[in-house]
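S.K.: structure, please.
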Amino acid sequence: MQLPNLLKTPSLLQKLQWVNDPVGYMENAAQQYPDIFTGNIIGFGDTVVFVNHPQGIEEILTNDRKKFTAVGKLNEILQPLLGNYSVLMLEGDAHKRQRQLVIPSFHGERMQAYGQLICNASEKLFSQLPLNKPFFARNLTEEISLQVISQAIFGLFEEEKIQKLRQLLPLLLNLFQSPFTSSLFFFPFLQQDLGAWSPWGKFLRDREQIDQFLYTEIAECQQKPDPERIDILSLLISSRDEAGQPMTDQELHDQLITLILAGYDTTASAMSWGFYWIHQKPLVREKLLQELDTLGDSPDPMSIYQLPYLTAVCNETLRIYPVTMFSFPRVVQESVELLGHPLESGTVLLPSIYLTHHREDLYPQPKEFKPERFIERQFSPYEFLPFGGGVRRCIGQALAQFEIKLVFATVLSRYDLALVDQRPEKPQRRGFNLAPSSGVKMVITGRRARQKSLVNMTTTSVS
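M.R.: Numbers count the residues shown, from 1 in each chain. Sure, this is the predicted structure:
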């Protein structure tokens, strides 16, 4: 089978580079073949055709379930983490059913209710930080994400249960902390339970604790139905499919795990990148503060969400280092032509979000952080797709964008922050997203008073 623009680097070398330095791997390949190339990587069937041109991505995403299909088994790499009933593992009608049950959690009045939770969590955590004492933004954004997950997903307000979740979530994600530990998912032969001290053995035992916590919460919520609850778990339990059937406990468990992974680590990384870029670019920060100051002292979360420059800053943050590097893989269903290349049935395609977001023809000087791009131009869903697209677009997209905007607005309106280290922050693989490698070290230099005039900014120190 003739595959387009097959990379000549030895297969094993490609696999190692993909695990250790995915950005370098993709950028080197795109220098040779800017639109489409074939690589040998770990996961998704090993031999994968990367598609980096908006026209090709549009062709793939608008023909979902027809010429190209998102096959759940291609995500088998995630099965030990997500289970068999996650929306990421399902396909066809089963996938459609689960999406229809989950999607209402992220719309309408529920989103507005989550807004106040997000603002409160952000203010509370930053108010506890001492003045001029360094902290890592990545750690703090993780804690904000934890609070949002505790309350928005589980409806947890008891400190004891939140503390339990605080202990368990890092256990779930420890394997993603570095390219080396992530390799346990990429190389199945490393998945050997050699006891509690072996990496995979520890993961299995940690997962047991998390499973126990989730099933306990599911059971308690089922036994004490409360129509006043606005959390996602209670909505999932009360939801019914077209046949009037509820989710099973296993299905509920697997969706909760998926929502935690989608809403915790990725959102925390995106927010830490945002704090880095905003404080690396003084003019961006100044312009953003001017816009935030137009809202008054107690802005409504939906008013914050609609701010144009804040939206542009968030979009540029998600462009330069998207929450996930690629969209859900698709499998060619019948012989087709894509970007002038014939593709046979069974070929695996991987729309590359990262490479599309770094195309010079779409985003001049793509390594530069320039929110104005999103003011000056409207990008199509095939040019800007930080949450994927088609029938596999990230379910939690609306909540993630809402959370990122509200955290930035809440914190920047109230506090003056500064980067401790001016050296450029490098991206590092953290599972399937790109986190800042050193965690973004910052300090609070003072408490900020809202500008009454858009000309003079006053800052008062924290008392």
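
S.K.: next helix or strand past the host helix or strand of Asp93?
M.R.: Using DSSP states H and E, Asp93 sits in helix 92-102. For helix 92-102, the following helix or strand on the C-terminal side (DSSP H and E) is helix 109-127.

S.K.: chain neighbours aside, what residue packs nearest to Asp35?
M.R.: Ranked by CB to CB, 6 or more residues apart in numbering and with sequence neighbours excluded, the top spatial neighbour of Asp35 is His53, at 4.0 Å. No exception for glycine: its C-beta is placed from N, CA and C like everyone else's.

S.K.: for the residue nearest the centre of the chain, which non-adjacent residue is closest in space?
M.R.: With distances taken as CA atoms, centre = their mean, Thr266 lies nearest the centre of the chain, 3.2 Å away. Of all residues not flanking Thr266 in the chain, Val323 sits nearest, at 4.1 Å (CB to CB, 6+ apart).

S.K.: ok, the residue nearest to the centre of the chain touching Thr324?
M.R.: Yes. Using CB atoms under 8 Å, Thr266 is in contact with Thr324, at 6.7 Å.

S.K.: Asp361 - how many residues pack around it?
M.R.: When neighbours are defined as other CB atoms under 10 Å, Asp361 has 10 of them.

S.K.: and for Glu360?
M.R.: Here the number of neighbours of Glu360 (other CB under 10 Å) works out to 9.

S.K.: correct me if wrong, but it is in a strand.
M.R.: No. Secondary structure of Glu360 (DSSP: H, G, I helix; E, B strand; the rest coil): coil, not part of a strand.

S.K.: and it, how far is that from Ile353?
M.R.: Glu360 is 16 Å from Ile353, where distance means CB to CB, to the nearest Å.

S.K.: again, but for Asn20
M.R.: Look at Asn20 and Ile353: by CB to CB, they are 20 Å apart.

S.K.: okay, these two: which has more neighbours?
M.R.: Ile353 (24 against 16).

S.K.: that one reaches Phe326, doesn't it?
M.R.: Yes. Using CB under 8 Å, Ile353 is in contact with Phe326, at 5.6 Å.

S.K.: just how off-centre is the helix or strand encompassing Ser145 within its chain?
M.R.: Using DSSP H and E, Ser145 sits in helix 137-148. Distance of helix 137-148 from the chain centroid (CA atoms, centre = their mean, to the nearest Å) equals 13 Å.

S.K.: and what of stretch 433-445?
M.R.: With CA atoms, centre = their mean, you get 16 Å for stretch 433-445.

S.K.: buried stuff in it?
M.R.: Of all the residues in stretch 433-445, those buried under the rule 16 or more other CB atoms under 10 Å are Asn433, Leu434, Ala435, Pro436, Gly439, Val440, Lys441, Met442, Val443, Ile444.

S.K.: moving C-terminal of the helix or strand containing Val49, what's the next helix or strand?
M.R.: If you go by DSSP H and E, Val49 is part of strand 47-51. Moving toward the C-terminus from strand 47-51, the next helix or strand (DSSP H and E) is helix 54-61.

S.K.: what's that next one packed up against?
M.R.: On a contact count with 3 or more CB pairs under 8 Å, 6 or more residues apart in numbering; DSSP states H and E, helix 54-61 meets strand 336-338, strand 348-351.

S.K.: winner for burial among the ones you listed?
M.R.: Comparing those on average neighbours per residue, with mean count of other CB atoms under 10 Å, the densest one is strand 348-351 at a mean of 23.

S.K.: give me the subset of the buried residues of stretch 433-445 lying in strands.
M.R.: Asn433, Leu434, Ala435, Pro436, Lys441, Met442, Val443, Ile444 (DSSP state E).

S.K.: phi, psi of the residue nearest to the fifth one when sequence neighbours are not counted?
M.R.: Right, the one you point to is Lys441. Distance criterion CB to CB, 6+ apart; nearest residue to Lys441, sequence neighbours excluded, is Val420 at 4.1 Å. When read as degrees, to the nearest 10, the backbone of Val420 gives phi -80, psi -40.

S.K.: I'd assumed Lys133 was in contact with Val420.
M.R.: No. Applying CB under 8 Å as the test, Val420 and Lys133 come out as separate, 10.3 Å apart.

S.K.: residues contacting Ala270?
M.R.: Contacts for Ala270 (CB atoms under 8 Å, 6 or more residues apart in numbering) come out as Thr317, Leu318, Tyr321, Val323, Ala400, Ile404.

S.K.: which residues touch Trp277?
M.R.: Counting by CB under 8 Å, 6+ apart, Trp277 makes contact with Val284, Val313, Glu316, Thr317, Ile320, Phe369.

S.K.: wait, a helix at it?
M.R.: Yes. Remark: Trp277 belongs to a helix, assigned using three-state DSSP.

S.K.: do you know how far Cys119 is from Ser238?
M.R.: 27 Å.

S.K.: same question, Arg285
M.R.: From Arg285 to Ser238 the distance is 43 Å (CB to CB).

S.K.: settle it for me: which of these two has more neighbours?
M.R.: Neighbour totals were compared for Arg285 and Ser238, and Arg285 leads with 17 against 14 (other CB under 10 Å).

S.K.: I figured the more buried one hits Leu412, correct?
M.R.: Yes. Judged on CB under 8 Å, Arg285 makes contact with Leu412 at a distance of 7.5 Å.

S.K.: between the two, which contacts overlap?
M.R.: Residues within reach of Arg285 and of Leu412 at once, by CB under 8 Å, 6+ apart, are Ile278.
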